[in-house]
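Peer 1: this one's structure only:
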């Protein structure tokens, strides 16, 4: 028995004053309306209406039950309206995950511009190197960098790509000389980034001669966050592979020098991941659209600027 629907029929019968009037309003038959109320009474084991051939009247129990039905149905209608509104109008909390350094440089500014357009959305951003479980941890969207994605059942949108470049400080280069090929790096102090994707002791470069891989000696310094690697390189500790988004600020300030300008390394795709396409909440849909419009352009601008550094 559909109790909620039968409650709606019962309320409509009382409002119309007859089963026939209620049936006309609900676009159904008088027999259906009568049976719905009878089923409700059988379920409750209580008479709600006294019936004659000419009129109906509420019993005392029916009067009390009518008040509760009206309250319940009003709450249900309100809940349905709010849920439908969530599909149409961005509002409420948007829980976002992003990789740490990438999130600092690109996602935080994107959040600010998104909230200028949708001030009723409150963004809760978590920056972490690991890939979270979206369903278990309650994230609406995760922004992750990866060479490829496993079959997870999540919906993915590719938003662009990013790569790393070899950098050193001016002071380090003055003391140790400038490497001109990937093989030259084997004679330098190479600082190693620990990531789940790339082995820290092997650097693979894409350049004029295709892929070239070098094997590094024992690490004098390892770190797992790109920002920390940029600080270490800028302080003169050695040569490091730094993602473009973490290197660009130091390059602008002259704290870093890009090495091997014809080479890039550790290219990864940027994906937005979210649980489902169906009945997508408006805040998630508009956030994905915002990222799709903004991030590829931002990445392209930084990569174009990087080429300017390569020519200097």
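Peer 2: Great, that's in hand. These numbers come from a predicted model, not from an experiment.

Peer 1: which residue packs closest to residue 175, ignoring adjacent ones?
Peer 2: Leaving aside its chain neighbours, residue 175 sits nearest to residue 236 (7.9 Å; criterion: Cβ to Cβ, 6 or more residues apart in numbering). Backbone N, C-alpha and C define where each C-beta goes, glycine included.

Peer 1: now name the helix or strand holding the one you found.
Peer 2: Element membership for residue 236 (DSSP states H and E) is empty, with no helix or strand holding it.

Peer 1: swap in residue 57?
Peer 2: strand 56-58.

Peer 1: what sits up against that strand?
Peer 2: If you take Cβ atoms under 8 Å, 6 or more residues apart in numbering as the criterion, strand 56-58 is touched by 13, 14, 17, 18, 19, 48, 49, 50, 66.

Peer 1: hmm, 10 Å instead?
Peer 2: With Cβ atoms under 10 Å, 6 or more residues apart in numbering as the test, strand 56-58 has contacts from 10, 13-14, 16-19, 22, 37, 47-51, 62-66.

Peer 1: next one: stretch 22-35
Peer 2: Stretch 22-35 is contacted from outside by 5-6, 8-16, 18-21, 36-37, 49, 51, 56, using Cβ under 10 Å, 6+ apart.

Peer 1: can you rerun that using 8 Å?
Peer 2: So stretch 22-35 is contacted by 8, 9, 12, 13, 15, 16, 19, 20 (Cβ under 8 Å, 6+ apart).

Peer 1: just give me the closest of these to residue 72.
Peer 2: Set against residue 72, the nearest of the contacts of stretch 22-35 by Cβ to Cβ is residue 8 (10.0 Å).

Peer 1: give me the nearest residue to that closest one, chain neighbours excluded.
Peer 2: Residue 8 sits nearest to residue 73 (Cβ to Cβ, 6+ apart), 6.3 Å away.

Peer 1: the stretch 51-200 of the chain: helices as residue ranges?
Peer 2: Using DSSP state H, counting those that start in this stretch, the helices assigned to the stretch 51-200 of the chain run over residues 60-88, 100-102, 108-117, 134-137, 170-176.

Peer 1: in the longest one, which residues are buried?
Peer 2: The one in question is helix 60-88. For helix 60-88, the neighbour count (16 or more other Cβ atoms under 10 Å) marks 62, 65, 66, 69, 86 as buried.

Peer 1: that older thread, which ones among the contacts of strand 56-58 lie within strands?
Peer 2: Among the contacts of strand 56-58, the members found in strands (DSSP state E) are 49, 50, 51.

Peer 1: among the contacts of stretch 22-35, which two are most distant?
Peer 2: Maximum distance among these (Cβ to Cβ): 16.7 Å, for 8 and 20.

Peer 1: which of these two has more neighbours?
Peer 2: residue 8 (18 against 14; other Cβ atoms under 10 Å).

Peer 1: so what pLDDT did that one get?
Peer 2: Here the pLDDT value assigned to residue 8 is 89.

Peer 1: point me to the helix or strand that includes it.
Peer 2: Here residue 8 is assigned to helix 3-16, by DSSP H and E.

Peer 1: so where's this protein shaky on pLDDT?
Peer 2: Counting by pLDDT under 70, the ranges of the chain that qualify are 1, 53, 81-88, 151, 277-279, 310-312.

Peer 1: longest strand in it, by residue count?
Peer 2: Assigned via DSSP E, the chain shows its longest strand as strand 155-168.

Peer 1: which elements pack onto that one?
Peer 2: helix 226-234, strand 239-243, helix 244-253, strand 257-258, strand 264-274, helix 282-310 (3 or more Cβ pairs under 8 Å, 6 or more residues apart in numbering; DSSP states H and E).

Peer 1: could you dump the ones you listed into JSON lines and include mean neighbour count and distance to residue 123?
Peer 2: Putting the helices and strands packed on strand 155-168 into JSON lines (neighbours: other Cβ atoms under 10 Å; distance: least, Cβ to Cβ, whole Å) gives the following:
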{"stretch": "helix 226-234", "mean neighbour count": "22", "distance to residue 123": "21"}
{"stretch": "strand 239-243", "mean neighbour count": "27", "distance to residue 123": "23"}
{"stretch": "helix 244-253", "mean neighbour count": "19", "distance to residue 123": "20"}
{"stretch": "strand 257-258", "mean neighbour count": "20", "distance to residue 123": "33"}
{"stretch": "strand 264-274", "mean neighbour count": "20", "distance to residue 123": "14"}
{"stretch": "helix 282-310", "mean neighbour count": "16", "distance to residue 123": "8"}
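
Peer 1: of all these, which one is nearest residue 163?
Peer 2: Across these, closest to residue 163 is strand 264-274 (Cβ to Cβ), at 4.1 Å.

Peer 1: direction included, what does that closest one pair up with?
Peer 2: Partners of strand 264-274 in the sheet, by DSSP bridges, are strand 141-146 (antiparallel), strand 155-168 (antiparallel), strand 202-207 (antiparallel).
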